[in-house]
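Enquirer: Sequence first, then the predicted structure, then my questions.
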Amino acid sequence: MKNSMKKILLVSALVIAIAASSVLGASAFSWNDLGNQYEDNAEEYADQIEQLVEEVGQGFEDNAEQYPSNPDPEAYMDTVKELSNKFLSGIKSLTEGYLKTFRF
């Protein structure tokens with residue numbers, strides 16, 4: 001469990017770094033239209049990540065609150081695994097979509 005939480009925190013930090021560097025990098029462009037497009041894409045990506053984090057975080061919170069009234073460790077860990085997979089697959093999907101918005 002500790003390793004999965006470390007992975008989640010590492011991926012979250014990476015996502016935040018990507019979004020922050022994208023916003024800062026976009027502001028450095030001298031071409032306003034292109035810079036604005038990159039900035040808009042970065043802001044949309046950050047909003048999507050925030051929504052995913054809130055949704056999955058609420059799922060973890062609900063799972064933890066339900067455990068004392070229904071102490072089933074197997075069901076609890078199944079839900080943790082399901083939420084962790086949802087978070088990681090969501091991050092991967094959103095990041096892939098965001099990176100496709102760049103013109104290379």
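Expert: Looks like it arrived, so ask away.
Enquirer: which stretches of the protein have low pLDDT?
Expert: In the predicted model, the chain carries pLDDT under 70 at residues 1-2, 23-35, 103-104.
Enquirer: 80 instead?
Expert: Segments of the chain classed as low confidence (criterion: pLDDT under 80) are 1-17, 19-35, 103-104.
Enquirer: where exactly do the helices run in it?
Expert: For the chain, the helices identified by DSSP state H occupy 2-27, 32-66, 73-99, in order along the chain.
Enquirer: so can I have TSV of these showing mean neighbour count?
Expert: The way it works is simple: take the backbone N, C-alpha and C, and place the C-beta from them, glycine included. Below are these laid out as TSV (neighbours: other Cβ atoms under 10 Å):
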stretch	mean neighbour count
helix 2-27	13
helix 32-66	15
helix 73-99	14
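Enquirer: contacting residues for residue 97?
Expert: With Cβ atoms under 8 Å, 6 or more residues apart in numbering as the criterion, the residues that contact residue 97 are residue 45.
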